[in-house]
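[1] Task: produce atomic coordinates for the following.
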Amino acid sequence: MHIKIDDLKGPEVASLINEHLHSMTLHSPPESIHALNLESLKKTEITFWTVWIGNVLVGCGALKELDKNHGEVKSMRTSSSYLRRGIASHMLQHIINEAIKRGYKRLSLETGSMEAFEPARRMYARYGFQSCKPFSVYAEDENSVFMTKEL
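    A predicted model of the protein is given here:
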């Protein structure tokens, strides 16, 4: 597996982000979807990475700087053809390492509360993320789970 910073210009990346956004519409009401589209992922406060096996895109993830001490995990996605192969764990560890390198004191995330998001919540918990109150621009939402990790 190879992780690289991505400029979000390739058709494979657009396809994976579209898969991610479509999946969110299947499991979350529109007002509770916080996934970012391609244009939003290009903002300067966001670093976006892709995970490749050879020349096949298998996953992605992003880190959004909320402030100089706090980052947010965004756009974690594994291609549906490569689920349960450790790709998300590999990407999450990469994001955690980058957050530490940047000097962040805390790393947070928002994910869904529905059953479809249970594997993601379990993975985040294995990496030391714990439930927390909404952070940044988020508000309480029965369809969202907020998690944070002190670094």
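[2] Look up how far H90 lies from the closest residue to E45 other than its chain neighbours.
    Among residues not flanking E45 along the chain, E65 sits closest, at 4.7 Å (Cβ to Cβ, 6 or more residues apart in numbering). Every C-beta, even on glycine, is put in place using the N, C-alpha and C of the backbone. With distances taken as Cβ to Cβ, to the nearest Å, E65 is found 22 Å from H90.
[3] With G71 instead?
    For G71, the distance to H90 - Cβ to Cβ - is 18 Å.
[4] ok, the two, which is more surrounded?
    G71 (29 against 17; other Cβ atoms under 10 Å).
[5] Give me the distance from the top strand by length along the chain to the chain's centre.
    Taking DSSP state E as the criterion, the chain has its longest strand at strand 56-67. Counting by Cα atoms, centre = their mean, to the nearest Å, strand 56-67 is centred 6 Å from the centre of its parent chain.
[6] E98 - that's part of a strand, no?
    No: E98: not assigned to a strand; according to DSSP: H, G, I helix; E, B strand; the rest coil it is helix.
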